[in-house]
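> sequence first, predicted coordinates after that:
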Amino acid sequence: MAILKYLVYPMALLGAGVGTEVWIYGRQLEAAEKRITKATQGQVKATVRSEVTKSMEQFEKGLLASVAKVVQEEVTPMEKRITKATQEQVKATVGSEVTKSMEQFEKGLLASVAKVVQEEVTPMKVTLQDVQGRVVYLDSASMTMTSMMLANCQKKK
C-alpha cells in the first residue's frame with residue numbers, strides 16, 4: 001500500500017518520466033542529507049572536543065593559578081611562622097639546656113673545690129719558725145686564729 005501511495009500515484013499524476021526524476025531527486029536529497037548530517041555531526045564533535053579541551057586548559061590554568069595563590073598567600077607565611085616558632089623553640093630549649101648545664105657545671109665545680117679544700121687544704125700543716133728559731137706546726141684552723149690574733153694586736157698598737 002505504501003508503495004502505491006508514494007511511488008505509483010505521483011508517477012501516474014506527473015507522468016512516468018517526471019515521477020522517476022522526482023524519485024531519483026528525492027533519493028539524492030536523502031543521501032545528501034545523510035552526508036551533511038554526518039559531516040555536521042563530525043564537525044560538532046570536533047568543535048565540542050576543541051571547546052572542551054580549551055575549557056579544560058583554562059580550568060587547569062585557573063586551578064594552578066588558584067593553587068599558586070593559596071600557596072603564596074597561606075602556605076608560605078604558615079611555613080615561615082612554623083620555622084620561626086621552631087627556631088624560637090630550639091633557642092629556648094638550647095638556652096634552657098645550656099643554663100642547666102652551666103648550673104650543673106657550677107655545682108660540680110663548687111663540689112670539687114669544696115672536696116679539694118676539705119681533703120687537701122684543711123689537713124695541711126704549716127711550718128713556721130718563730131723569732132727564736134723554734135718550729136711551730138699550724139693547721140688551717142690555727143692559722144685562722146693566729147691571723148685574727150695578729151690583727152687584734154696590730155689594732156691595739
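Noted; the coordinates are in hand.
> for this structure, which residues score under the pLDDT cut-off?
Under the criterion pLDDT under 70, the flagged ranges of the chain are 1-26, 117, 120-157.
> let me see the ranges of the helices in it.
Taking DSSP state H, the helices of the chain run over residues 2-3, 9-14, 16-70, 76-116, 140-156.
> any chance of the ones you listed in CSV, with mean neighbour count too?
No exception for glycine: its C-beta is placed from N, CA and C like everyone else's. As requested, those are exported to CSV (neighbours: other C-beta atoms under 10 Å):
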stretch, mean neighbour count
helix 2-3, 7
helix 9-14, 13
helix 16-70, 10
helix 76-116, 10
helix 140-156, 10
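> show me the domain layout of this protein.
The chain breaks down into these domains under automatic domain parsing: 1-97, 122-157.
> which ones are touching residue 79?
Residues in contact with residue 79, defined by C-beta atoms under 8 Å, 6 or more residues apart in numbering, are absent; none qualify.
> could you check how far it is from residue 113?
For residue 79, the distance to residue 113 under the criterion C-beta to C-beta, to the nearest Å works out to 50 Å.
> cool, residue 62 as well?
Per C-beta to C-beta, residue 62 is found 74 Å from residue 113.
> again, but for residue 36
109 Å.
> now swap in residue 106 and tell me
Computed with C-beta to C-beta, the distance linking residue 106 and residue 113 is 10 Å.
> check residue 83 too.
As judged by C-beta to C-beta, residue 83 and residue 113 stand 44 Å apart.
> and residue 42, how close does it get to residue 93?
Spatial separation of residue 42 from residue 93 under the definition C-beta to C-beta is 71 Å.
> try residue 44
Taking C-beta to C-beta as the measure, residue 44 and residue 93 are separated by 68 Å.
> do the same with residue 112
Using C-beta to C-beta, one gets 28 Å for the distance from residue 112 to residue 93.
> how about residue 71?
Here the distance between residue 71 and residue 93 works out to 30 Å (C-beta to C-beta).
> before we move on, what about residue 43?
From residue 43 over to residue 93 (counting by C-beta to C-beta), the distance is 70 Å.
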